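**Student:** Next come a sequence and a model predicted from it.
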Amino acid sequence: MAAVRYPVARNADEALSKPLGRAARESEARDLAGVAVEFVSEAAGSAYVDREAALDAFAGRVDDERPGRAPVAPEDRFCQLRETVERRRGRTPVRGQARPTFAEGRRWPPPAPPPPTAWRLSVSYWRVVDPGRRAGLAQARRARRSPQAGDLDRETVKALADQPLLPVRPQQPLDVGLFEVRPPEAPHILMPDE
């Protein structure tokens, strides 16, 4: 079976329209891009109310099991249709604030209808990592408190969110609280003391 050849690009829209190339493995993608890459899946394109409309819009990109439709080649299966939840407008009730109604033989009101959904195209691809952007970034907790925090562009904020958290200082040993004691016969155990 042929391996899926994922596009190498900077974002999902570029992966669909004009990728740098296609690669099945990370090493191939890194060679094409010339810099580090990471494997991601992102939504692209507009949302559709029903699956049939999305299948018609993305014909040739996703498998369509309807009769008379040609399947996508195995190496081109980097797109999928996913059903996503659309955000509701209005306020959602906070847990514990609902009041019983005692109406029509029911104690609680009927459950809310399920949230509206939409169908989106999800593109899996090798995203090119900009080495200069991540190298000079401070920790997110320091960057958001700095006076220049309002001047950060969208890509910098996304890069801050993607980088791993680093400790501010080494972790200190655990403190023994006021009502805890270590028994002399087992000093590795911490017991509550009343």
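**Tutor:** Sure thing, it's come through. Keep in mind that what you see is a predicted model, and the values were worked out from it rather than measured. Numbers count the residues shown, from 1 in each chain.
**Student:** Leaving out the residues flanking it, which one is nearest to residue 152?
**Tutor:** residue 143 (7.1 Å; Cβ to Cβ, 6 or more residues apart in numbering). (C-beta placed from N, C-alpha, C; glycine too.)
**Student:** any idea of the pLDDT on that neighbour?
**Tutor:** Residue-level confidence at residue 143 comes out at 73, pLDDT.
**Student:** burial count for it?
**Tutor:** Here the number of neighbours of residue 143 (other Cβ atoms under 10 Å) works out to 15.
**Student:** wouldn't it be in contact with residue 159 here?
**Tutor:** No - in this structure, residue 143 is not within contact of residue 159 by Cβ atoms under 8 Å, at 10.2 Å.
**Student:** which residues does residue 41 bridge with?
**Tutor:** With DSSP bridges as the criterion, residue 41 is bridged to residue 124.
**Student:** i'd like the first residue to be 565 from this point on
**Tutor:** OK, 565 is where the count begins now, so the last one is residue 605.
**Student:** show me what contacts it?
**Tutor:** Counting by Cβ atoms under 8 Å, 6 or more residues apart in numbering, residue 605 touches 686, 687, 688, 689.
**Student:** ok, the last one touching residue 569?
**Tutor:** No - assessed by Cβ under 8 Å, residue 689 is found out of contact with residue 569, at 10.4 Å.
**Student:** Of the two, which one has the most company?
**Tutor:** residue 689 (28 against 19).
**Student:** Which residue, neighbours along the chain excluded, lies closest to the more buried one?
**Tutor:** residue 579 (4.0 Å).
**Student:** next one: phi and psi at the one you found?
**Tutor:** Dihedral pair for residue 579: phi -60, psi -30, per degrees, to the nearest 10.
**Student:** Who are the contact partners of it?
**Tutor:** Per Cβ under 8 Å, 6+ apart, neighbours of residue 579: 571, 572, 573, 608, 642, 687, 689.
**Student:** if we can go back for a sec, can you list residues touching both of residue 689 and residue 569?
**Tutor:** Counting by Cβ under 8 Å, 6+ apart, the residues touching both residue 689 and residue 569 are residue 642.
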